[in-house]
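Colleague: Sequence and predicted model, in that order:
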Amino acid sequence: MKRFMIFVLVLAAAFLTACNASGDQAASGETVSLLVSGGETSQTYTRADLEALGASQATFNDVTYVGVSVGALLEDAGFNLDEVKAVKAVASDGYTVNYDPAQVLAADVIVAYARADGDLVDDEGPFRMVLPGTEGKLNARMLVELQVVK
């Protein structure tokens with residue numbers, strides 16, 4: 001029984017060390033990216049890549065966000081906007097939101113990478129969807145991928 005307890009303690013210590021190490025990587029400047037994919041098209045974007053596409057602003061719940069319009073992002077990734085039938089936002093925690101083109105391709109809908117007064121807050125993640133005038137569940141946080149259906 002004593003050996004089993006030691007084994008469990010060693011296993012728990014190893015697990016905790018691994019969890020802490022992965023957290024340190026993100027905090028130490030690991031490059032975070034957003035995947036835009038659909039069919040045979042796949043493009044990865046960092047915050048700097050999104051910033052280079054031109055900044056737009058959108059306001060949701062009295063917070064002004066800075067990002068790139070979804071339409072500009074999809075065009076840059078190689079999608080013809082006339083062929084887009086749907087877009088699915090995927091968050092790092094597995095949450096997903098499906099949008100029809102009329103919702104997500106509006107000029108004021110953005111993938112945000114910052115707030116007007118600084119970085120996104122921790123619970124928003126590095127990227128988030130911002131759809132002004134819509135309910136909260138459509139404004140996906142912790143965005144890691146946009147999947148395009150043609």
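Modeller: Everything's here; your move.
Colleague: can you count the residues close to the closest residue to residue 105 other than its chain neighbours?
Modeller: Take residue 105 and drop its neighbours on the chain: the residue closest to it by C-beta to C-beta, 6 or more residues apart in numbering is residue 71, 4.8 Å away. Every C-beta, even on glycine, is put in place using the N, C-alpha and C of the backbone. Counted with other C-beta atoms under 10 Å, the neighbours of residue 71 add up to 19.
Colleague: need the contact list for residue 71.
Modeller: Residue 71 sits next to 81, 105, 107, 109 when contact means C-beta atoms under 8 Å, 6 or more residues apart in numbering.
Colleague: what bridges to the residue most central in space within the chain?
Modeller: Nearest to the mean C-alpha position of the chain, by C-alpha atoms, centre = their mean, lies residue 143 at 1.8 Å. With DSSP bridges as the criterion, residue 143 is bridged to residue 91.
Colleague: State the distance from it to residue 80.
Modeller: 22 Å (C-beta to C-beta, to the nearest Å).
Colleague: What strand or helix carries the residue nearest to residue 105?
Modeller: helix 70-76 (DSSP states H and E).
Colleague: Domain map for this structure?
Modeller: 1-30, 34-149 (automatic domain parsing).
Colleague: Redo the ones you listed as a markdown table? Include mean pLDDT.
Modeller: Formatted as a markdown table, the domains of the chain follow (pLDDT from 0 to 100):
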| stretch | mean pLDDT |
| --- | --- |
| domain 1-30 | 44 |
| domain 34-149 | 97 |
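Colleague: Just name the most buried of the ones you listed.
Modeller: Compared across those, domain 34-149 shows the largest average neighbour count, a mean of 17 (mean count of other C-beta atoms under 10 Å).
Colleague: now that domain, how far from the chain's geometric center?
Modeller: Distance of domain 34-149 from its chain centroid, counting by C-alpha atoms, centre = their mean, to the nearest Å, is 7 Å.
Colleague: got the end-to-end distance for that domain?
Modeller: This stretch, domain 34-149, spans 17 Å end to end (C-alpha to C-alpha, to the nearest Å).
Colleague: Please apply the same query to stretch 64-77.
Modeller: With C-alpha to C-alpha, one end of stretch 64-77 sits 25 Å from the other.
Colleague: What of stretch 64-80?
Modeller: End-to-end for stretch 64-80, by C-alpha to C-alpha: 28 Å.
Colleague: quick one, strands of the protein?
Modeller: 34-38, 41-45, 56-60, 63-69, 86-91, 96-99, 110-115, 118-119, 128-130, 143-149 (DSSP state E).
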